[in-house]
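1. sequence plus the predicted model coming up.
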Amino acid sequence: MNNQENDEKYSNLNHDSIRTILRAINFSQGQLSLLFLRCNYAQLRQQIGAEIHTVSSFSIREIHLSESATSLYSKISEELGDEQPQAVMISGLDGVENIDTILTLSNQIREELRKNFTFPILIWIDDQILRKIIRIAPDLENWGSVIDFENDTDDLVYFLQNTTEEIFNQDIIPSPQEYKEIESALQDLDKIGEKINPEIQAGLDLAFGLREYELDNLDDAISYYHKSRKFWKQENQLERYGILLVKTALAYSRKPEISRTKDDKYWPNATAKDYLEEALKIFRPTTRIDLFVETVNILGGVLRKLKAWEELENLAIKYLQIYASLSPRNRYHINLSQPLILKGVRGLGQIYGFLAEAALGNQDYQKANENAQQALEILVNIPDLPPQEFSLYRLLLARSQIGLQEIYLAIQTLEIAKRESHPQYDPQLYITLLKKLNTLYFQDKKYLTAFNIKQEQLQIEQQYGFRAFVGASYLNPQQEIIDSPDSEVKSIGKIPPEISASGRETDVQRLHNRIASDQHKLTVIHGQSGVGKSSILKAGLIPALQQETIVGRNVLPILLRVYTNWVESLGEYLKSNNVETLYTTSLHSTDAIIQQLRKNADGNLLTVVIFDQFEEFFFVYPEQKQRKQFYDFLRVCLDIPFVKIILSLREDYLHHLLELDRSVDLTVTNNNILDKDIRYYLGNFSPPDAQFIIKSLTDKTGFYLPAELIDAVVQDLAGDIGEVRPIELQIVGTQLQSEQITTLEKYQQFGKEKLVENFLEDVIKDCGSKNEQTARLILYLLTDENLTRPLITRTELAKQVTASKENIDLVLEIFVVSGLVLLIPESPADRYQLVHDYLVEFIRQQQGNELLEKLAQTEAALKEEQEAKKILADAQIEADAQIKKGQRRLKLSSGLAACFLLISGVVSVYSISQFKEANIAKLGTNLEGELLQEFQGHLSEVISVSFSPDGKTIATASSDKTTRLWNLKGELLQEFQGHLSFVMSVNFSPDGKTIATASSDKTARLWNLKGEQIQELKGHIGSVRSVSFSPDGNTIATASGDNTVRLWNLKGEQIQELKPYRSSVRNGFVRNFFTSVNFSPDGKTIATASWDTTARLWNLQGKLIQDFKGHKGHLKDVSFSPDGKTIATASWDTTARLWNLEGKLLQEFKGHKNPVNSVSFSPDGKTIATASDDRTARLWNLQGELLQEFKGHQSSVWGVSFSPDGQTIATASLDNTARLWRVRDLDRAIKDGCVWLKYYLQNPSVNLSEEERRLCDDI
């Protein structure tokens, strides 16, 4: 049936209803008339709506309600403004989440509707909504008229048949709206006695089974699947029978995951395995490669759960050749489309993943490593493959590296996997990555890093419903899992169940209403510490504001918690929220921010600036004159239309706000900032609320607790005050889940105090074994003999704790973040306080005697240290006197004296004979590089660094998508924004006027020094990893992950492409890509580094001149010497190498413990600098001898660059910083010193022994 026939049929069937609507619109002009258009089918609504528009002589305004809509009246007002249309048609009511709220509110304010909307309103509803209107909004129903629209029998049958076909052919699950339409169609057919045929029924059984599976009603799902499967087998429709086998297997394999008991987990997965093996006898890769790949992958996952490693390996080997035949090289053998071919390629990667997992299960770590690498090499050649697809295989690679004791490499691999992935795609995988990283960092004694990762893990588990409680951390918006790996991450989350269940959703709605109201420009939120102010803002109010418009405007909420540089931070937040800014660089002044806020108002935005934990502001700026800038800024902001301000702070700091009234004229507050209409109070939970919260949270996550246990926990938490602090509920709840306490009997063995004690012990363990005693001592010092919680400064703690400053700070930071200790900002020093009184007695009773003894030892040690310092001070005075005496005796120039003191310092350590035999160059290896400057500001890893030709500025490239320009003092001069992904490389043009950048967004770009983009070089189909200027500055070379190097002119036109004659290929898949490119000093040749362990030399016409082979790992970088006669390469095999242009190895530079990422020649060509994953840069002479080591970075060093004068080097690191170091020319210093010393030793007037005169003979 064609569209015209459809339209005619619908018109005939619903002709009278359409005529009724037209008459109602005509008669209701100038007055409100409600018309409820009852129709259960979306397609029919669209067709009827279109026909009404066509045949009506009136203009009908369309308004669609979003899922988050809360008020019909507000939505109509926002959309229309002052407009008074002839009629309004409203759709989307059936998709609104809070439908009851909308109907109840509309019923209450019906007179407002009548007064303000003098036109007919047509509202599309279905049967379910009509029943709700009759029940909860009867006055609206009495006011309005219901007009019905129906489908005929044939169309109902066609709808059901078409829906079931789509489920089979497109592997989709119907939406809730579609399920409602299916049920309506079945009811309508049943009313007229129409029977549906068995084929449609079998399809509907699959549909209803899918719904039950989504709801975790697995037995019901399996029952529906069984009925459907039985029909398709009888009809010999084996493909559909196979699909049902797979769906049934998925239901069985899901059973152990949601089981409330710890009973046998084996049989459901074993049953699933049987169904999947039967399905694989049906699906063939040459016909339904998609079903084949999916089934093999699911079967592999089931075997993984069963830990059937031998079967998993056999599965992979069995299907390996089938997948390999789908290689792009062999696809002409098979009549498959490109998308299906790529599914096969993914399948091959999965097969190698299975082989890696099987090897891990058998503890064959080398084999696992090779297979994981192979999986990654296959996937890297799939065009536009989302980066999160690599994460599982990187995890397998990291596990193999752990087994091979390559711990540092494992950390790097996991960090890359974490950076490439996102929890919305696969939260369980992301959580596993975090767990592995936490363990490795903790074993590496990086306790603070490990703790922060653990906190992130808790947050992710809460956001995705795996954890009922989150401890003392902030709540975050609830997130949904993304089904498709190709889908984009959603930045807007939902309000989490912790807030909904606690009654806090009412607070969120009230705060939302204040923002929407014209009466409240300023809101001051206050409450005790730990009541959840920060959580309700971040996880409640902000998601609510982001989900709908207010007064027809999009809402931009900006949250600020740190005030050390509040102006710059606020400016950065404004820029990072996809706002069209007035400035190309940064908003680093209040004037610039104010102009931007006004621009937001002009651009249909409502900006809500939230200053959270605002009590800290007063201690960051202790002087009133320092705070005046903020007060003036606040006054101006409150006068800007469509800007709202929220201040949130502890109620014991409210009085500080009175200073605002005295300092500036706040008209909007009538100079009474603490007025009750401005303040909003947040309190603790009532016991009934706390009971409801615990039950709701535990039920949602499958951590089921009986009612009597919940009652006992709440009674203990409420105590004498009869209220439950949210933070304590979260801490105790976290311990219930960690200890798996699910019965009242087991809880009574612990009690609240014991659970908190365990929480305390867990936090102490997080500080690391070497800090355990320090942690316990600090806890003890945070109590006193009166069993109270004194306020103590860090300095006061340090006087009684012998640990280093760094270790004390680490312990205090972990205590504060964990919620065990409160940080109370005060002037002149912050103070620390134990979180609750009930911890005091326990700490003193359990640890008192031991720690008193420790304190006595500390005091004795301090006394000894003071005595030792006095001895050292006396010795220093005597030494200074002897030096002065010696200097007078020598009567040498200051230079000669310095030299003598250098050599005599060495002689004082070594005997004279030892000094004669010492290797001076090796003495130099003990000299670490001197740090001159650190460049901080990037929000993520710094990947590349480059000096300008005049040596006065440094450019850095970062994975935060920006390039930045700095002076040598570490001051930011310019920021270059525009790339859509990581910036991998940065270089200056020879004249220093242009900067080139390369990015994983597949482009290179040219910029002037003002931060303006001059040119975009587009054409690569893979990440651009390196960019280089020719010596004359007229040509640019780029190296890419698409295995090409390209040459461009300054207009952005490609002039040449370089490709290897033969790519390294395994199983038909390209394994190579270029990592680095550089021009020779004469500009006639190009050197490249590749992932296949080979460097290459090319002419400008793309002809390969020479290969440089010998490295045993991937190459990361290549560099020409200044004279162009040699090249240096950097490799993952932990070495750098020096070659002549004929490919002969001249020298190998060994010493780095991890992959070498970058290599650079000094301007005089006599030394080489390298940068490595071992967190160091190193300086070498051309004989391969280590001259200097540069330590200090906290993560891998990825870039190194010499200054033009060779006196300094710059390094780039994954610790988010770049650094500037001084290069010490030790050889020259010692050579000159020895010349001077020889002159002195040969002076006959100097009284020396014969042995002393021959000191320098052999040097």
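-> Great, that's in hand. Numbers count the residues shown, from 1 in each chain.
2. now do the strands in the stretch 201-350 of the chain.
-> Counting by DSSP state E, counting those that start in this stretch, one finds no strands in the stretch 201-350 of the chain.
3. any regions of it where pLDDT drops low?
-> Of all residues in the stretch 201-350 of the chain, those with pLDDT under 70 make up the ranges 260-265, 286, 324-342.
4. can you map out the strands along the stretch 1-150 of the chain?
-> 33-38, 60-64, 87-91, 120-125, 145-148.
5. with the stretch 501-650 of the chain instead?
-> Counting by DSSP E, counting those that start in this stretch, the strands of the stretch 501-650 of the chain are 522-527, 554-560, 605-611, 643-650.
6. contacts for the helix or strand following the longest one?
-> Just to be clear, that refers to strand 643-650. Downstream of strand 643-650, the next assigned helix or strand under DSSP states H and E is helix 658-663. Helix 658-663 is contacted from outside by 624, 627-628, 631, 634, 666, 669, 671-674, using C-beta atoms under 8 Å, 6 or more residues apart in numbering. Just so you know, the C-beta spots here come from the backbone N, C-alpha and C atoms, and that holds for glycine as well.
7. buried sites along helix 658-663?
-> Residues of helix 658-663 classed as buried: 660-661, 663 (neighbour count, 16 or more other C-beta atoms under 10 Å).
8. one step back: please identify the most buried of the strands of the stretch 1-150 of the chain.
-> strand 120-125 (a mean of 23; mean count of other C-beta atoms under 10 Å).
9. by contact count, what packs against it?
-> helix 15-27, strand 33-38, strand 87-91 (3 or more C-beta pairs under 8 Å, 6 or more residues apart in numbering; DSSP states H and E).
10. so which of the buried residues of helix 658-663 comes closest to Q833?
-> Taking C-beta to C-beta as the measure, Q833 lies nearest L660 of these, at 27.0 Å.
11. was I right to think A375 contacts L395?
-> No: using C-beta atoms under 8 Å as the test, A375 is too far from L395 to be in contact (11.1 Å).
12. do you know the pLDDT at A868?
-> On pLDDT, A868 comes in at 55.
13. JSON lines for the buried residues of helix 658-663, including distance to L93 and pLDDT?
-> Below are the buried residues of helix 658-663 laid out as JSON lines (distance: C-beta to C-beta, whole Å; pLDDT from 0 to 100):
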{"residue": "L660", "distance to L93": "45", "pLDDT": "87"}
{"residue": "D661", "distance to L93": "46", "pLDDT": "84"}
{"residue": "S663", "distance to L93": "50", "pLDDT": "87"}
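14. check these against R844 and report the nearest one.
-> L660 (42.1 Å).
15. measure the closest one to F633 for me?
-> Going from L660 to F633 by C-beta to C-beta, to the nearest Å gives 12 Å.
16. tell me what the closest residue in space to L559 that isn't next to it in sequence is bridged to.
-> Nearest non-adjacent residue to L559, counting by C-beta to C-beta, 6 or more residues apart in numbering: I610, 4.7 Å away. Beta-bridge partners recorded for I610 (DSSP bridges): L559, I646.
17. packing partners for the helix or strand harbouring E1016?
-> Element membership for E1016, per DSSP H and E: strand 1013-1018. Judged by 3+ C-beta pairs under 8 Å, 6+ apart, strand 1013-1018 is in contact with strand 1003-1008.
18. if we can go back for a sec, make TSV from the strands of the stretch 1-150 of the chain and add distance to T793 to it.
-> Shown next, in TSV, are the strands of the stretch 1-150 of the chain (distance: least, C-beta to C-beta, whole Å):
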stretch	distance to T793
strand 33-38	67
strand 60-64	58
strand 87-91	61
strand 120-125	64
strand 145-148	72
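19. CSV for these, including mean pLDDT and distance to T742?
-> Shown next, in CSV, are the strands of the stretch 1-150 of the chain (pLDDT from 0 to 100; distance: least, C-beta to C-beta, whole Å):
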stretch, mean pLDDT, distance to T742
strand 33-38, 93, 48
strand 60-64, 93, 46
strand 87-91, 94, 47
strand 120-125, 94, 45
strand 145-148, 91, 50
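20. so which of those strands comes closest to V1045?
-> Here strand 60-64 is closest among the strands of the stretch 1-150 of the chain (C-beta to C-beta), at 51.0 Å.
21. the closest one to helix 15-27, inter-axis angle?
-> Going by axes from the mean of the first three to the mean of the last three C-alpha atoms, to 10 degrees, strand 60-64 is angled at 110 degrees with respect to helix 15-27.
22. residues contacting strand 60-64, please?
-> By C-beta under 8 Å, 6+ apart, strand 60-64 touches 25, 52-53, 75-76, 79-80, 83, 85-92, 122.
23. what do you get if the cut-off is 10 Å, keeping everything else the same?
-> Residues outside strand 60-64 that contact it (C-beta atoms under 10 Å, 6 or more residues apart in numbering): 21, 25, 49, 52-53, 72, 75-76, 78-80, 83-93, 95, 119-124.
24. stretch 958-973 spans what distance, first to last residue?
-> Using C-alpha to C-alpha, to the nearest Å, the end-to-end distance of stretch 958-973 comes to 16 Å.
25. pLDDT on it, on average?
-> Stretch 958-973 comes out at a mean pLDDT of 92.
26. give the buried residues for it.
-> Buried residues in stretch 958-973 (16+ other C-beta under 10 Å): 958-966, 968, 970, 972.
27. measure K75 to I90 for me?
-> 8 Å.
28. what sits in contact with each of the two?
-> Overlap of the contact sets of K75 and I90 (by C-beta under 10 Å, 6+ apart) consists of 63-65.
29. so which of these comes closest to V293?
-> H64 (38.6 Å).
30. within the sheet, what are the partner strands of the strand holding E1016, with directions?
-> strand 1003-1008 (antiparallel).
31. in TSV: the buried residues of stretch 958-973, plus secondary structure.
-> What follows is the buried residues of stretch 958-973, written out as TSV (DSSP: H, G, I helix; E, B strand; the rest coil):
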residue	secondary structure
S958	strand
S959	coil
D960	coil
K961	coil
T962	strand
T963	strand
R964	strand
L965	strand
W966	strand
L968	coil
G970	coil
L972	strand
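32. returning to what we had before: number of residues surrounding the residue nearest to L559?
-> 23 (other C-beta atoms under 10 Å).
33. that one touches V643, doesn't it?
-> No: in this structure, I610 is not within contact of V643 by C-beta atoms under 10 Å, at 11.9 Å.
34. so what's K132 closest to, chain neighbours aside?
-> Using C-beta to C-beta, 6+ apart, the closest residue to K132 is L103 (6.0 Å).
35. could you check the pLDDT of that neighbour?
-> 89.
36. right, and it touches G144 too?
-> No: between L103 and G144 there is no contact under C-beta under 10 Å: 12.0 Å.
37. identify the contacts common to those two.
-> Between them, L103 and G144 share the contacting residues 133, 137, judged by C-beta under 10 Å, 6+ apart.
38. what distance do you get for G465 to V983?
-> G465 is 36 Å from V983, by C-beta to C-beta.
39. more neighbours, the two?
-> Per other C-beta under 10 Å, whichever of G465 and V983 has more neighbours is V983, with 30 against 18.
40. for that one, give me phi and psi.
-> Phi and psi for V983, reported as degrees, to the nearest 10, are phi -90, psi 120.
41. can you check the one 4 residues further on too?
-> Dihedral angles of N987 (phi, psi; degrees, to the nearest 10) stand at phi -150, psi 150.
42. that one touches I995, doesn't it?
-> Yes: using C-beta under 10 Å as the test, N987 is close enough to I995 to be in contact (7.3 Å).
43. which non-adjacent residue is nearest A803?
-> The spatial neighbour of A803 that comes closest, neighbours along the chain excluded (C-beta to C-beta, 6+ apart), is T774 at 4.2 Å.
44. in a helix, the one you found, correct?
-> Yes: counting by three-state DSSP, T774 is located in a helix.
45. and the pLDDT for it?
-> So, for T774, pLDDT stands at 90.
46. next, count neighbours for it.
-> Quick note: T774 (other C-beta under 10 Å) scores 23 neighbours.
47. now do W1139
-> Applying other C-beta under 10 Å, we find 22 residues neighbouring W1139.
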